[in-house]
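Chemist: I'll drop the sequence and a predicted model, then ask my questions.
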Amino acid sequence: MKIIPFFALLIISFSLFHGIAFSQNLTEPEANLDQKIRDHHISREEFAYYQILNNKEHRLSNYRDDNLMLLSKIILLHHINESRRKYSVPSLKLDILASRVANKMSRKSCDNGFFGHWNLQGEKPYHRYAFAGGTDHVSENASALITTGKISPDFDNIVKLMENAHTGFMEEKAPDDGHKQTVIGPFHNYVGIGTASCTHGFRYYEEYLDRYIQFGPFLQTIKKGETAAIQFRLLDKKLYPYAIIGYYEPPLKPMTRAQINRLNSYNDFTREIAFQLWPWEIPSPNRDGYITIRKRFNKKGLYYIQIYLSKEPYQGGRRASNRGKIQASGIVIRVE
């Protein structure tokens, strides 16, 4: 097996490795579910908790995990949390929507023979998660298995391939350790996990979320010249709003498989800042704790809005930097 790592401007990366193909149509009957739960030392209570969440989530229903694939994600969640414990960072919970976003990307990538962080619509990870209804900040790890043969689509084989991909991330050495740094990011609190297999091989995606904000309803698509109103409140009262930065990018363009495969990593923002609010400019919350910002957008395209939080109240006069702050949102406003 040959591992070829790729790295991003921040801590976002992609790896490519070669091996044997398999189909992800599981051969295990659902009757074996209880035995698999016991074999992998997953509590029945934990599985039931995520089963309820999986049944309640209606977004991206075409990419919903069945019970066995849900179990595989819980097994990998434990594997990921063990990696994080070694670096003394908090454990994560599994996010169902992010897992479906990852499943969709895995499937499209595998079926269409591309790999990495873009899809054929030219969307990056934060586009895909936001367009599916996500509002948290997302950081993506991706891995592709390029195949020449076949193996049995046995449940444990699939889990092993997923574990191998994650272990490959954790075996990276500095300074070429982009995947590893993504896994152990101290501000992450949820993760989505996606897989797919096809004649092109196997894909594995991890979507790490920073979830610290609750948003009120907002229009994701507006007309040029209209004003967008975004209302949010902090889920953790020990945190403080620090900065709000809106990054502009032109309307997305479709990409070919060859174009995608030439790109090794993605930037988590663009060079064009549409607006920015610093601590002394952020409005005060209302009685319910909600902060409202209103922005008029006069240029067609996409506006990627990141809200940064601090563990300490701001006391710096009129000087500020978002370095080291929690990236707590990833919403995208489309202006047509």
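Modeler: Great, that's in hand. Just so we're clear, the structure is a prediction, and the values are computed from it rather than from any experiment. Residues are numbered from 1 along each chain as shown.
Chemist: C-alpha only now, for contacts and for neighbours.
Modeler: Will do.
Chemist: next, residue 191: secondary structure please.
Modeler: Three-state call for residue 191 (DSSP: H, G, I helix; E, B strand; the rest coil): strand.
Chemist: and the spatially closest residue to it that is not a sequence neighbour, what does it touch?
Modeler: Among residues not flanking residue 191 along the chain, residue 208 sits closest, at 4.4 Å (C-alpha to C-alpha, 6 or more residues apart in numbering). Contact analysis of residue 208 by C-alpha atoms under 8 Å, 6 or more residues apart in numbering lists 138, 139, 140, 182, 183, 188, 189, 190, 191, 192.
Chemist: so who does residue 81 touch?
Modeler: By C-alpha under 8 Å, 6+ apart, the residues touching residue 81 are 90, 91, 92.
Chemist: buried residues in the strand or helix carrying it?
Modeler: Secondary structure assigned from DSSP states H and E places residue 81 in helix 67-85. Within helix 67-85, the residues that count as buried by 16 or more other C-alpha atoms under 10 Å are 68-78, 80-81, 83-84.
Chemist: likewise for stretch 130-145?
Modeler: 130-131, 133-145.
Chemist: any idea which element the nearest residue to residue 96 once chain neighbours are set aside lies in?
Modeler: Closest residue in space to residue 96, ignoring its immediate chain neighbours: residue 54 at 6.1 Å, by C-alpha to C-alpha, 6+ apart. Element membership of residue 54, judged by DSSP H and E, is helix 44-56.
Chemist: show me where the stretch 201-336 of the chain has helices.
Modeler: 257-261 (DSSP state H, counting those that start in this stretch).
Chemist: ranges for the strands of it?
Modeler: Using DSSP state E, counting those that start in this stretch, the strands found in the stretch 201-336 of the chain span residues 201-210, 213-215, 221-222, 227-234, 240-249, 272-277, 291-296, 301-310, 326-327, 331-335.
Chemist: okay, those strands, which one's buried deepest?
Modeler: Mean neighbour count (mean count of other C-alpha atoms under 10 Å) peaks for strand 201-210 among the strands of the stretch 201-336 of the chain, with a mean of 27.
Chemist: just how off-centre is that strand within its chain?
Modeler: 7 Å (C-alpha atoms, centre = their mean, to the nearest Å).
Chemist: partner strands of that strand, with direction?
Modeler: Strand 201-210 sits in its sheet next to strand 137-151 (antiparallel), strand 190-198 (antiparallel), going by DSSP bridges.
Chemist: residue nearest the centroid of this protein?
Modeler: The structure's the chain has its C-alpha centroid closest to residue 207; by C-alpha atoms, centre = their mean the separation is 2.7 Å.
Chemist: sketch out the low-pLDDT regions of the stretch 201-336 of the chain for me.
Modeler: Within the stretch 201-336 of the chain, the set of residues satisfying pLDDT under 70 is empty.
Chemist: if I look at the residue lying closest to residue 140 once chain neighbours are set aside, how far off is residue 126?
Modeler: Setting aside the residues directly before and after it, residue 140 is nearest to residue 207 in space (C-alpha to C-alpha, 6+ apart), at 4.7 Å. In this view, residue 207 and residue 126 are 10 Å apart by C-alpha to C-alpha, to the nearest Å.
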